[in-house]
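this is a predicted model, with the sequence first.
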Amino acid sequence: MDGATNEQRPVSMLSAIWAARYRTPARFVALIALLLPWTTTGLTFALIPWLIAFAFVDLREFPRSLLRPICLLPIALVVLAVVGTLWSDAPWPERIHAIGPAAKLLVIPLLIYQFERWPYGNWVSSAFLASCALLMLYSFAVAIDPSLSLKLYLSRGPYKVESGIAVRNYIDQSQEFALCAIGLVYPVVTLFRAGRIRVAVLLAVLAIGFLANMMFVVVSRTALVTLPILLVVFALLHLRWRMALPAVGAMALLAVLLWNVSPNLRTTVAKFGGDYELSAVENEVSGMGSRLEYWRKSARFIADAPLLGHGTGSIRDLFASAAADAEIDPLRGEIVSNPHNQTLSVAVQWGALGVLVLYALWFAHLLMFRGEGLASWIGMLVVVQNVLSSLLNTHLFDFTSGWIYVLGVGVAGGMALSSFRKMKLLQ
């Protein structure tokens, strides 16, 4: 008996070491998710040990994994950004710098490979949810006492309307809170159906906390546009028709109620019309009015080079060449390197070829989450939110929203593919 036990010990130790090799990279990804809502520098430093740990796992099937469209398309967009430097007229520092926003997409194939094989994806989603929950509580505290903010210039003075900003900015904060609030709907419904009422109520209260923060503290207009669409997507995908229609009706009634009780919501919505009037009538710089001007100029730039664009990093120089005198015409005198629309940003730099790769990337990742389960819901939510918010921003290339996309698609994608593979084996 002792002999058999002694023989099994080396096998057990080997299994433990092998399992640790798989768990360590997942822990670092969870750390990245934990840091994402709070810091850019910390996230960057957390990437280094994860990449080192990833290099020590079994990579024999990795080359074959890269041949799938879900992995090839992110790589293709980055390669296009690198090759696009060759026909750009921008200074070389600007060309090299412009590769960076797309470069993070190279992490997606690594995450898909990792979480397709090792079942630790829930660590990542739990870390992100816990971090956002802490940020939400901090945001409420900052709304009560703005001096607690780590971004005082956003909580006082001319930006006092944004007094709930704890770190970063109100756009990133709203994106994170909206993702968590809608992401929790699926597990809440699932837990209620399974009879696990206490846990379901706890998660529902957390989701309501995120929504309350957006409605009564601070919310971005991008989140206001995407939030109802994401709710409708959930109702259509995960509720039966007899329940989906009443659910959509209840959402509409809730929106009317919130409109009547939330001055912050009314103020944010009113800024759409106010910004347009400020720019159209008074020719002044404003959020929405400036976007319309960026889009108008970008369309003209695209018409000048429709197939391959003007090259990587060319946006700022193009706006500079088309700028009016800023003292005479502040709106048309703005010089920016971001047209606040993902499609236009890609089209100006890499033309129709870039747009084709971008749309193919979104479509391939969306198809990856067509199954059932929490991973598929989170992944689809991340992709749909990114597509919608990219109508008003360059959220695939921006830091926080871009990394949310990378982590969401990579981790949830690996988990969804793993579940799909297991189902095929059982059939």
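Structure's in. What do you need?

excluding its backbone neighbours, what's nearest Ile182?
Leu230 (4.7 Å; C-beta to C-beta, 6 or more residues apart in numbering). C-beta coordinates here come from the backbone N, C-alpha and C atoms, glycine included.

what about stretch 117-133, average pLDDT?
If you average the pLDDT over stretch 117-133, you get 89.

mind listing what's buried in the helix or strand containing Arg198?
Taking DSSP states H and E as the definition, one finds Arg198 inside helix 197-216. Judged by neighbour count (16 or more other C-beta atoms under 10 Å), helix 197-216 contains these buried residues: 200, 203-204, 206-207, 209-216.

one step back: residue contacts, the residue nearest to Ile182?
Contacts for Leu230 (C-beta atoms under 8 Å, 6 or more residues apart in numbering) come out as 178, 182, 381, 384-385, 388.

looking at these, state which has the most neighbours.
Highest neighbour count within the contacts of Leu230: Gln385, with 27 neighbours (other C-beta atoms under 10 Å).

now that residue, what's its secondary structure?
Secondary structure, DSSP: H, G, I helix; E, B strand; the rest coil: Gln385 is helix.

next one: Ala81
helix.

ok, now the one 5 residues further on?
For Leu86, the secondary-structure state derived from three-state DSSP is helix.

and it, how close does it get to Ile99?
Counting by C-beta to C-beta, to the nearest Å, the gap between Leu86 and Ile99 amounts to 12 Å.

one more: Asp58?
30 Å.

pick out whichever of those two has more residues nearby.
Ile99 (15 against 11).

right, and the more buried one touches Val78 too?
Yes - if you go by C-beta atoms under 8 Å, Ile99 and Val78 touch, sitting 7.5 Å apart.

what are the buried residues along the helix or strand hosting Ile99?
Assigned by DSSP H and E, Ile99 belongs to helix 92-103. Neighbour counts over helix 92-103 (16+ other C-beta under 10 Å) mark 94-95, 98, 101-102 as buried.

distance from that helix to the middle of the chain?
20 Å (C-alpha atoms, centre = their mean, to the nearest Å).

quick one: mean pLDDT over it.
On average, helix 92-103 scores 93.

past it, which element shows up next along the chain?
Next along from helix 92-103, by DSSP H and E: helix 107-117.

quick revisit: element containing the residue nearest to Ile182?
helix 221-238.

alpha carbons of that helix, as CSV, please.
What follows is helix 221-238, C-alpha atoms only, in CSV (Å, rounded to 0.1, in the frame of the first residue of the first chain):
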residue,chain,number,x,y,z
ARG,A,221,-23.7,60.3,-24.0
THR,A,222,-22.1,57.3,-25.7
ALA,A,223,-23.3,55.1,-22.8
LEU,A,224,-26.8,56.6,-23.0
VAL,A,225,-27.0,55.6,-26.7
THR,A,226,-25.6,52.1,-26.3
LEU,A,227,-27.3,51.1,-23.0
PRO,A,228,-30.9,50.7,-24.3
ILE,A,229,-29.7,48.9,-27.4
LEU,A,230,-27.7,46.4,-25.3
LEU,A,231,-30.8,45.7,-23.1
VAL,A,232,-32.9,45.1,-26.2
VAL,A,233,-30.2,42.7,-27.6
PHE,A,234,-30.4,40.7,-24.3
ALA,A,235,-34.2,40.6,-24.4
LEU,A,236,-34.3,39.3,-28.0
LEU,A,237,-31.5,36.7,-27.5
HIS,A,238,-32.2,35.3,-24.1
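
what's the angle between it and helix 197-216?
150 degrees (axes from the mean of the first three to the mean of the last three C-alpha atoms, to 10 degrees).

return the set of buried residues in helix 221-238.
221-224, 226-227, 230-231, 233-235, 238.

list the residues that contact Leu80.
Contacts of Leu80 (C-beta under 8 Å, 6+ apart): 350, 353-354, 357.

and what of Gly413?
70, 108, 111-112, 115-116, 365, 368-369, 375, 379.

now which of those residues would you call buried?
Judged by 16+ other C-beta under 10 Å, buried ones among the contacts of Gly413: 70, 108, 111-112, 115-116, 365, 368-369, 375, 379.

residue ranges in the stretch 251-400 of the chain under the pLDDT threshold?
Filtered on pLDDT under 70, the stretch 251-400 of the chain yields the residue ranges 251-289, 324-333.

apply 80 and report the result again.
Applying pLDDT under 80 to the stretch 251-400 of the chain flags residues 251-292, 322-336.

strands along that one, start to end?
Under the criterion DSSP state E, counting those that start in this stretch, the stretch 251-400 of the chain contains no strands.

quick one on the thing from earlier: want to throw the buried ones among the contacts of Gly413 into CSV with distance to Thr41?
Below are those laid out as CSV (distance: C-beta to C-beta, whole Å):
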residue, distance to Thr41
Ile70, 30
Ile108, 22
Leu111, 21
Ile112, 26
Phe115, 25
Glu116, 30
His365, 28
Met368, 31
Phe369, 31
Ala375, 29
Gly379, 27
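
tell me the one of those residues nearest Ser125?
Ala375 (8.5 Å; C-beta to C-beta).

touching, the closest one and Gly410? I think so.
No - between Ala375 and Gly410 there is no contact under C-beta under 8 Å: 11.4 Å.

what comes up buried for stretch 351-362?
351, 353-355, 357-358, 361-362.

ok, those residues vs Met136, which is closest?
Trp362 (28.4 Å).

how much space between the closest residue to that closest one other than its chain neighbours and Thr400?
Counting by C-beta to C-beta, 6+ apart, the nearest residue to Trp362 once its immediate chain neighbours are dropped is Val387, at 5.5 Å. Going from Val387 to Thr400 by C-beta to C-beta gives 17 Å.

remind me what the helix holding Ile99 packs against, helices and strands.
If contacts are counted by 3 or more C-beta pairs under 8 Å, 6 or more residues apart in numbering; DSSP states H and E, helix 92-103 sits against helix 69-83, helix 315-322.

pull out the buried positions in the first one.
If you call a residue buried by 16+ other C-beta under 10 Å, then helix 69-83 has these buried ones: 70-74, 76-78, 80-81.

export it as CSV, just CAs?
Output of helix 69-83 as CSV, limited to C-alpha atoms (Å, rounded to 0.1, in the frame of the first residue of the first chain):
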residue,chain,number,x,y,z
PRO,A,69,-10.1,34.3,-38.8
ILE,A,70,-10.7,35.2,-35.1
CYS,A,71,-6.9,35.4,-34.7
LEU,A,72,-5.8,36.3,-38.2
LEU,A,73,-7.9,39.4,-38.5
PRO,A,74,-6.5,41.3,-35.4
ILE,A,75,-3.0,40.4,-36.7
ALA,A,76,-4.0,41.7,-40.2
LEU,A,77,-5.1,45.0,-38.8
VAL,A,78,-1.9,45.5,-36.9
VAL,A,79,0.2,44.5,-40.0
LEU,A,80,-1.8,47.0,-42.1
ALA,A,81,-0.9,49.7,-39.5
VAL,A,82,2.8,48.8,-39.8
VAL,A,83,2.8,48.6,-43.6
